[in-house]
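Novice: please find the sequence and the predicted model below.
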Amino acid sequence: MPPGLKPALWQAAKIAVPVLSSVLALVIVGQFIDWRAALDDALRAPPWAMAAGVALIWLQLSLCGLRLRLLALSFGAEMPLRAATSVWSLSYLGGLVLPTSVGSELVKGAALLGWTRLPVTIIGLLALERLAAILALLLLVLIAAPLAAWRIGSEYTLPLGMLCALAFAAICFGLAMRQRAAAGLRWLLTACRVPVGVVDKLVAAVGAAPLGRVVGLSLAIHLMTLIVIGLLLFGFSSPSPLLEAALGGPLVTFASLLPISVGGFGVREGAFILVLGPMGVDASQAVGVALAWWGVQVMAGLTAAATAAAWLLASRQKRVQRELSA
């Protein structure tokens, strides 16, 4: 096999697998709902709920920019808040329309090239930010899962609650002891044959990163997502929208972020049915809420990305003019 063929096949698989997974998931979901009814429900989403959702996502993107800026500082990279928010706005839209495994991170990595040319900094930033976001979401899932099981009267509520409590404690303990994990991280990276200079930079950045604040910001970002889902459920006259969003939202969000689909399609709709169905939400209505949520994300992503692109272009032009005048 030619040397360059393996990486090419791997990249092709990273795109093809999510596409096929989305198609398969949408076909399976279609066996349980009427797509026309679900689409009609999505189009009947109240304008006020859509507008409030867009505003909340804009606020989320601002917090994402703050999180990225805090992590960039731990790598010694000075990144203004407006620039970090712009990078996130562009990557957010990419994650909605591209394969989840490559969309958001690919766009974000490309945008970060405008602020640093060091691959170790870009990779470290992406990895730490993804870690913080996943840990925060896992904490919410571990709280919501046993409560959701209790809500639907599952016989596995107690063992699930005990398992989630142990996992929650383990994550909190890991965050508290992260400074002592530096030796383990150094050994792991060295065993993977990562260059010594890169290992030193990554270990130092992990030690300097304000993970507590970053995870806290991530929790706030995820909670806003639950509010958006709750507003849409309320607009669809769901029986108990806030409770359904609080208990089912973390599980739905986690499923939609799995790197096995294109923009979460298929997986997101299936998760809404599986999670909200036992809570009394009709399957077609659940998919209608999922589609409306995606629509809110797209509207917010388009407007935020357009604003970010305009700002980045103006900033680039100013930088070029300064260099020419110098």
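Specialist: Right, received. Where do you want to start?

Novice: please enumerate the helices of the stretch 101-250 of the chain.
Specialist: Assigned helices in the stretch 101-250 of the chain, in chain order: 103-112, 119-151, 157-176, 182-191, 196-208, 211-235, 241-256 (criterion: DSSP state H, counting those that start in this stretch).

Novice: spatially central residue for the protein, please.
Specialist: residue 257 (5.7 Å; CA atoms, centre = their mean).

Novice: tell me the secondary structure of residue 264, please.
Specialist: coil (DSSP: H, G, I helix; E, B strand; the rest coil).

Novice: just give the number of residues close to residue 204.
Specialist: Other residues within reach of residue 204, judged by other CB atoms under 10 Å, total 15. In short, each C-beta sits where N, CA and C put it, glycine included.

Novice: brain fart, residue 60
Specialist: Residue 60 has 23 nearby residues by other CB under 10 Å.

Novice: can I assume it sits in a helix?
Specialist: Yes: the assignment for residue 60 is a helix, going by three-state DSSP.

Novice: that one contacts residue 224, doesn't it?
Specialist: Yes: Residue 60 lies in contact with residue 224 (CB atoms under 8 Å); the separation is 5.1 Å.

Novice: pLDDT weak spots in the protein?
Specialist: 1-15, 99-105, 110-111, 114-120, 178-203, 205-208, 319-320, 323-324, 326 (pLDDT under 70).

Novice: one more time with 50, if that's ok
Specialist: Within the chain, the stretches with pLDDT under 50 are 1.

Novice: what's the longest helix in it?
Specialist: helix 283-325 (DSSP state H).

Novice: could I get the helices of the stretch 101-250 of the chain in TSV, plus columns for distance to residue 267?
Specialist: Listed next are the helices of the stretch 101-250 of the chain as TSV, based on distance: least, CB to CB, whole Å:
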stretch	distance to residue 267
helix 103-112	14
helix 119-151	15
helix 157-176	22
helix 182-191	30
helix 196-208	31
helix 211-235	15
helix 241-256	5
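
Novice: out of these, which is the most enclosed?
Specialist: Of all those, helix 241-256 carries the top mean neighbour count, a mean of 23, counting by mean count of other CB atoms under 10 Å.

Novice: tell me the angle of the helix or strand that that helix is followed by relative to helix 241-256?
Specialist: Going down the chain from helix 241-256, the next helix or strand is helix 267-276, by DSSP states H and E. Here the directions of helix 267-276 and helix 241-256 differ by 140 degrees (axes from the mean of the first three to the mean of the last three CA atoms, to 10 degrees).

Novice: and helix 267-276 with helix 119-151, angle?
Specialist: Using the same axes, to 10 degrees: helix 267-276 against helix 119-151 is 30 degrees.

Novice: quick one on the thing from earlier: hmm, the residue nearest to the centre of the chain is touching residue 137, no?
Specialist: Yes: look at residue 257 against residue 137 with CB under 8 Å: they come within range, at 7.4 Å.

Novice: number of residues surrounding residue 55?
Specialist: Neighbours of residue 55 under the rule other CB under 10 Å: 14.

Novice: residues in contact with it?
Specialist: The contact partners of residue 55, by CB atoms under 8 Å, 6 or more residues apart in numbering, come to none.

Novice: so it versus residue 299, what's the distance?
Specialist: 11 Å (CB to CB, to the nearest Å).

Novice: what's the answer for residue 96, then?
Specialist: Residue 96 is 10 Å from residue 299, by CB to CB.

Novice: the more surrounded of the two?
Specialist: Neighbour count, other CB under 10 Å: between residue 96 and residue 299, residue 96 has more, with 20 against 15.

Novice: rewinding a little: and of the helices of the stretch 101-250 of the chain, who's closest to residue 34?
Specialist: helix 211-235 (19.2 Å; CB to CB).

Novice: quick one: residues contacting residue 267.
Specialist: Taking CB under 8 Å, 6+ apart as the test, what residue 267 contacts is 21, 22, 25, 255, 256, 258, 260, 261.

Novice: recalculate using a threshold of 7 Å.
Specialist: Neighbour list for residue 267: 25, 255, 256, 258, 260, 261 [criterion: CB atoms under 7 Å, 6 or more residues apart in numbering].

Novice: and what about the closest residue to residue 262 other than its chain neighbours, helix, strand or coil?
Specialist: Of all residues not flanking residue 262 in the chain, residue 22 sits nearest, at 4.6 Å (CB to CB, 6 or more residues apart in numbering). The three-state label given to residue 22 by three-state DSSP is helix.

Novice: sorry, back to before: got the angle for the longest helix of the chain vs helix 267-276?
Specialist: Using the same axes, to 10 degrees: helix 283-325 against helix 267-276 is 140 degrees.

Novice: packing partners of helix 283-325?
Specialist: helix 35-43, helix 47-74, helix 81-97, helix 211-235, helix 267-276 (3 or more CB pairs under 7 Å, 6 or more residues apart in numbering; DSSP states H and E).

Novice: can you say which of those helices is nearest to residue 291?
Specialist: Shortest distance between residue 291 and the helices and strands packed on helix 283-325, using CB to CB, is found for helix 35-43: 3.7 Å.
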